[in-house]
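>>> Please find the sequence and the predicted model below.
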Amino acid sequence: MKTTSLAKSLRGYRKIHKYIGLVLGVIIFISALTGILLGWKKNVALLQPPTQKGVNLDMATYRPVEELAAKSILAVDSLGLTASNFDRIEYRPTKGIAKVIFDTGSWEVQIDATNLEVLSVAKRHSDWIEHLHDGSIISETFKVISMNVLGIGLLVLLISGLWLWYGPKRIKKLKNK
């Protein structure tokens, strides 16, 4: 009698494990693939432009943020981006530059922080890959929900997988008694 109920339990867990695994498999595949790309973003110029180097590393000689922002807007003038499209400005003191990153189109302008020379204007593919990776490409709400579903689903897969591994051993042990 005991082995029958254990076998029935295993069949139920197998179904749960299979369907949750199928649904989460798609999310895990996308997350794994984009995670691999993000791991390489600093090494592949197509994913993220290489960081340039400025002429002076002395932060005391850096130009004001307003001038830096204005120069970066001029650098992307043909793209129609404005200051309202800024996502962030990142200073790299060890390189003597600032990166002005736009949220529209994932464009990046690298500027020498002291003489305001535009060193690079390029698209950052790593940004939209990161948004795809964490689900925020759809919305912040979707990101929170999908990451919770993924985490809880993985816990269910772990527990059901352990039971699917241990259950048959338990049944075999009970039958051998």
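In hand now; what should we look at?
>>> Tell me where the longest helix sits in this structure.
helix 2-39 (DSSP state H).
>>> Of all the residues in the helix or strand following that helix, which ones are buried?
Using DSSP states H and E, the helix or strand that follows helix 2-39 in sequence is helix 65-75. Using 16 or more other Cβ atoms under 10 Å as the burial criterion, the residues of helix 65-75 that qualify are 68-69, 71-73, 75. From N, CA and C alone the C-beta is placed, and that goes for glycine too.
>>> nearest to H17, of those?
Comparing the buried residues of helix 65-75 against H17 with Cβ to Cβ places S72 closest, at 51.4 Å.
>>> can I assume that closest one is in contact with A113?
No. Contact criterion Cβ atoms under 8 Å: S72 and A113 do not qualify, at 11.6 Å.
>>> what sits against the residue most central in space within the chain?
Centroid check for the chain by Cα atoms, centre = their mean gives E130 as the closest residue, at 3.2 Å. By Cβ atoms under 8 Å, 6 or more residues apart in numbering, the contact set of E130 is 34, 38.
>>> host element of it?
In this assignment (DSSP H and E), E130 forms part of helix 125-134.
>>> and the helix or strand that that helix is followed by, how far out from the chain's middle?
The helix or strand immediately downstream of helix 125-134 is helix 140-175, counting by DSSP H and E. Centre-to-centre, helix 140-175 and its host chain are 24 Å apart (Cα atoms, centre = their mean, to the nearest Å).
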